[in-house]
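Chemist: build the 3D model from these lines:
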Amino acid sequence: MDFDMQAAWLRRFSADAEANLKAFALRLKEAMPNQVDVHESKGLFAKAGKVTGVTVDLGEQKYKLEYDRGRLAASVAMVVRGITLSTKTMDPSEWFAKLTAETQKASAHAQALSQSLSAFMGS
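Modeler: Residues are numbered from 1 along each chain as shown. As a prediction, the model looks like this:
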């Protein structure tokens with residue numbers, strides 16, 4: 001996606017950030033169940049929690065997006081062997097762009113591995 005497309009998408013996302021964050025987090029969780037944590041806050045007597053954020057674990061990088069006091073907050077943490085070495089706060093549009101690029105790389109790698117395995121099994 002180019003910058004204008006990302007900016008337009010973010011404006012649309014921010015218009016109803018709370019509902020969109022929930023939909024986005026649940027879709028990510030469905031696509032990558034072992035790599036995504038959905039953060040919820042629940043009142044004392046509430047039956048269902050309110051989605052407040054999502055974390056995507058992509059190896060040494062953890063992408064975190066939160067909705068706090070009416071604003072989206074985004075960060076990427078560098079994690080090595082379970083220890084967070086650094087955390088960079090960034091604009092949500094930059095966060096979405098980086099996450100998109102990283103998931104595309106991971107998808108391409110998985111697809112190449114799958115093709116290699118299929119070729120091996122077919123021989």
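
Chemist: where along this protein do the helices fall?
Modeler: Secondary structure of the chain (DSSP state H): helices at 3-15, 17-31, 92-122.

Chemist: same list (the ones you listed) but as TSV, adding mean neighbour count and distance to Ser75.
Modeler: (Glycine included, C-beta is placed from N, CA and C.) Below are the helices of the chain laid out as TSV (neighbours: other CB atoms under 10 Å; distance: least, CB to CB, whole Å):
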stretch	mean neighbour count	distance to Ser75
helix 3-15	12	16
helix 17-31	16	15
helix 92-122	12	8
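
Chemist: nearest residue to the middle of the protein?
Modeler: Val56 (4.4 Å; CA atoms, centre = their mean).

Chemist: for that one, which non-adjacent residue is closest in space?
Modeler: Tyr63 (4.3 Å; CB to CB, 6 or more residues apart in numbering).

Chemist: and the one you found, what does it touch?
Modeler: The contact partners of Tyr63, taken as CB atoms under 8 Å, 6 or more residues apart in numbering, are Thr55, Val56, Ala74, Ser75, Val76, Trp95, Lys98, Leu99, Glu102.

Chemist: any figure for the gap between it and Met121?
Modeler: 34 Å (CB to CB, to the nearest Å).

Chemist: over to Phe13?
Modeler: In terms of CB to CB, Phe13 sits 42 Å off from Met121.

Chemist: before we move on, what about Phe96?
Modeler: According to CB to CB, Phe96 and Met121 sit 37 Å apart.

Chemist: before we move on, what about Glu94?
Modeler: Glu94 is 41 Å from Met121, by CB to CB.

Chemist: same thing with Val56?
Modeler: Taken as CB to CB, the span from Val56 to Met121 is 31 Å.

Chemist: the residue nearest to Val56 bridge partners, please.
Modeler: Note on Tyr63: beta-bridge partners by DSSP bridges are Val56, Val76.

Chemist: for Met1, give me the pLDDT.
Modeler: On pLDDT, Met1 comes in at 56.

Chemist: before we move on, what about Leu28?
Modeler: pLDDT, Leu28: 90.
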